[in-house]
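In: based on what follows, work out the 3D shape:
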Amino acid sequence: MELTFNTPALLFPAISLLLLAYTNRFVAIANRVRNLHSEYLKVENKQTILQQIRSLRKRINLIKYMQGLGVFSFLCCVVSMYCIYNGWNAAAQVIFTISLLSLLTSLFLSLLEIIQSTYALELELGDIEELEKGNIFTDLWKRE
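Out: Numbers count the residues shown, from 1 in each chain. A predicted model of the protein is given here:
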């Protein structure tokens with residue numbers, strides 16, 4: 001396969017949009033942490049808040065790695081384009097492959113963060129109602 005300037009350049013807007021989405025998630029979590037911290041100082045029963053804070057800490061770490069891998073993927077695309085410019089096609093292909101693998105790992109971590117955020121929402125809703133343990137099939141066919 002021949003690698004041209006266009007191939008790594010196609011990832012630029014995608015990676016930029018992913019980094020923007022990751023940053024927005026981080027900002028939302030940071031605001032939630034600040035709110036939970038002030039709640040923690042006021043409330044006597046702190047167990048639920050502590051569970052939420054633990055969950056948010058995991059999510060912050062996941063987002064940190066997601067962002068880092070996204071930036072690394074972006075840098076690899078730039079280096080790959082430089083290699084193409086200089087005619088180092090073998091190096092360009094290897095570096096572009098590393099870029100794609102980095103982007104893939106970042107997306108996988110994003111999936112894990114989404115799963116973790118769902119868990120955090122279940123903790124939040126657990127205070128309001130007693131949730132049944134279910135799965136996708138029981139949720140789809142559940143009748144009220």
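
In: backbone torsions only: list them for residue 88.
Out: Main-chain torsions, residue 88, degrees, to the nearest 10: phi -90, psi 70.

In: quick check: it vs residue 102, distance?
Out: If you measure residue 88 against residue 102 using CB to CB, to the nearest Å, the figure is 20 Å. All C-beta spots, glycine's among them, are computed from the backbone N, C-alpha and C.

In: next, count neighbours for residue 42.
Out: Using other CB atoms under 10 Å, residue 42 is surrounded by 8 other residues.

In: confidence score at it?
Out: Residue 42 is assigned a predicted lDDT (pLDDT) of 82.

In: then residue 1?
Out: 69.

In: just to revisit the earlier point, between residue 88 and residue 102, tell me which one has more neighbours.
Out: Taking other CB under 10 Å, residue 88 and residue 102 do not tie; residue 102 has more neighbours (21 against 14).

In: nearest spatial neighbour of the more buried one, skipping sequence neighbours?
Out: Closest residue in space to residue 102, ignoring its immediate chain neighbours: residue 73 at 4.0 Å, by CB to CB, 6 or more residues apart in numbering.

In: check residue 84 too.
Out: Spatial nearest neighbour of residue 84, chain neighbours left out: residue 92 (4.7 Å); criterion: CB to CB, 6+ apart.

In: for the helix or strand containing the one you found, packing partners?
Out: For residue 92, the host element (DSSP states H and E) is helix 89-128. Helices and strands touching helix 89-128, by 3 or more CB pairs under 8 Å, 6 or more residues apart in numbering; DSSP states H and E, are helix 6-42, helix 47-86.

In: so of the ones you listed, which one's packed in deepest?
Out: Between the helices and strands packed on helix 89-128, helix 47-86 has the highest mean count of neighbours, a mean of 18, where neighbours are mean count of other CB atoms under 10 Å.

In: what's the distance between that helix and the middle of its chain?
Out: Using CA atoms, centre = their mean, to the nearest Å, the mean C-alpha position of helix 47-86 is found 7 Å from that of the whole chain.
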